[in-house]
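Chemist: Next one to model:
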Amino acid sequence: MSTIAATPQSKAPAAQRPTLAVMLCVNRRNPWLAAAIGSVLGQDDPDFEFLIAANACPDALWQELQNFVKDDQRVKLFRTAVGQLAFNLNFLAGEANADYLVRMDADDLSEPHRIRTLRNALMGELVDVLGSAVILIDDNDIVIGRMDFPLDESRIFAALATRTAFCHPAIAIRRQFLLDMRGYLGGFASEDTDLWLRARRAGARLRNLPDTLLRYRIHADQATANRSGYAEVAAHWLRELLLKPSLYTLKGFVVALTKCFVSTWLPRSSRYQSRRLLRDDASK
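Modeler: Prediction:
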């Protein structure tokens, strides 16, 4: 099956283009999909476009998505035959009219003020990637923690070698920057880490907001934090080490390789919560 668009995709005139485009990819039904879509459509700042890619999905999900969004002109639905997230993010980036692309996962919740807060922050300076803090929730929407990230560029780069410097579903990324970087380059669980490492080499302008703009769901079916994902991250760091040998890239490779063997033994929710506790203790 070839890539198809469910709605006409002519580019809007520049004066009519929204500043922000939300991008969501989904390939299977989940109990939180309707709430995730609703949290985007219910933003208190309605000036955005919402691009959804149903990638390698069954017909039932495609029909369900059409029913969710049929009355909202901000939404553009696409269906592709490729199940890889990186491919579909690149596809949506190519279809977007906006200057900034806002990530969204099909099991998370955007806070009602997310678009407004991002818009206000992006008006002040040119940023290539802008992230935020996130609230951690479980299967039943119960808050189980919070993750904060380094705010400025130097701290983001310093942290990147040892921990997550962005929550990928919580970022806004400048569309032209992503195109200049040739988009996401693949991987099944670490396309974001690969992009941050290439962005570092390219001298990108990176920031995180202290505001919590996303409720990030921790559940057993997530395609993250598994051994193959950590192996991919180690491979990305090995590339950086070979391209630019330094203590920094060596440290990143060793840490990623160690996580490949050690971190998968720990429960996912414990890892997230332990990070929160460590930061709280350090701030006292």
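Chemist: Quick check: which helices or strands does the longest strand belonging to the chain pack against?
Modeler: In terms of residue count, the longest strand belonging to the chain (DSSP state E) is strand 206-217. Where contact means 3 or more C-beta pairs under 8 Å, 6 or more residues apart in numbering; DSSP states H and E, strand 206-217 is packed against strand 109-110, helix 114-124, strand 129-137, helix 153-160. (Glycine included, C-beta is placed from N, CA and C.)
Chemist: buried stuff in the last one?
Modeler: Counting neighbours by 16 or more other C-beta atoms under 10 Å, one finds that the buried residues in helix 153-160 are E153, I156, F157, L160.
Chemist: List just the nearest of these to S110.
Modeler: Closest approach to S110 among the buried residues of helix 153-160 (C-beta to C-beta): I156, at 22.1 Å.
Chemist: if I read this right, the closest one contacts A204, doesn't it?
Modeler: No: here I156 lies out of contact with A204, judged by C-beta atoms under 8 Å, at a distance of 9.7 Å.
Chemist: can you give me the helices for the stretch 51-200 of the chain?
Modeler: Assigned by DSSP state H, counting those that start in this stretch, the helices in the stretch 51-200 of the chain fall at 59-69, 85-95, 114-124, 153-160, 175-180, 191-201.
Chemist: Among those helices, which comes closest to A34?
Modeler: helix 59-69 (6.4 Å).
Chemist: Using PDB, write out every CA atom in that closest one.
Modeler: Taking C-alpha atoms only, helix 59-69 is exported to PDB below (Å, rounded to 0.1, in the frame of the first residue of the first chain):
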ATOM      1  CA  ASP A  59      -8.900  -0.400   8.900                       C
ATOM      2  CA  ALA A  60     -10.800  -0.300  12.200                       C
ATOM      3  CA  LEU A  61      -8.300   2.200  13.600                       C
ATOM      4  CA  TRP A  62      -8.400   4.300  10.500                       C
ATOM      5  CA  GLN A  63     -12.200   4.500  10.700                       C
ATOM      6  CA  GLU A  64     -11.900   5.400  14.400                       C
ATOM      7  CA  LEU A  65      -9.500   8.200  13.700                       C
ATOM      8  CA  GLN A  66     -11.800   9.600  11.100                       C
ATOM      9  CA  ASN A  67     -14.700   9.600  13.500                       C
ATOM     10  CA  PHE A  68     -12.600  11.400  16.200                       C
ATOM     11  CA  VAL A  69     -11.700  14.400  14.100                       C
END
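Chemist: Which residues outside it are in contact with it?
Modeler: Outside of helix 59-69, the residues within contact range by C-beta atoms under 8 Å, 6 or more residues apart in numbering are 6, 26-29, 33-34, 37, 41, 50, 52, 54, 75, 77, 79.
Chemist: closest to V127 among these?
Modeler: F50 (21.6 Å).
Chemist: What number of residues are in the vicinity of the closest one?
Modeler: By other C-beta atoms under 10 Å, 23 other residues sit near F50.
Chemist: Tell me which residues touch it, please.
Modeler: Contacts of F50 by C-beta under 8 Å, 6+ apart are A21, V22, L24, V40, L41, V69, D72, R74, V75, K76.
Chemist: For the helix or strand following the longest strand of the chain, C-alpha coordinates in CSV please.
Modeler: Note on strand 206-217: by DSSP states H and E, the next helix or strand toward the C-terminus is helix 227-243. The C-alpha atoms that make up helix 227-243 are tabulated as CSV, following Å, rounded to 0.1, in the frame of the first residue of the first chain:
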residue,chain,number,x,y,z
ARG,A,227,17.6,-3.6,25.6
SER,A,228,17.5,-3.1,21.8
GLY,A,229,16.7,0.6,22.4
TYR,A,230,19.8,1.0,24.6
ALA,A,231,21.9,-0.9,22.1
GLU,A,232,20.8,1.6,19.4
VAL,A,233,21.8,4.5,21.7
ALA,A,234,25.2,2.9,22.3
ALA,A,235,25.6,2.6,18.5
HIS,A,236,24.8,6.4,18.1
TRP,A,237,27.4,7.2,20.7
LEU,A,238,30.0,5.0,19.0
ARG,A,239,29.5,6.9,15.8
GLU,A,240,30.0,10.2,17.6
LEU,A,241,33.2,8.7,19.3
LEU,A,242,34.6,7.7,15.9
LEU,A,243,33.7,11.0,14.3
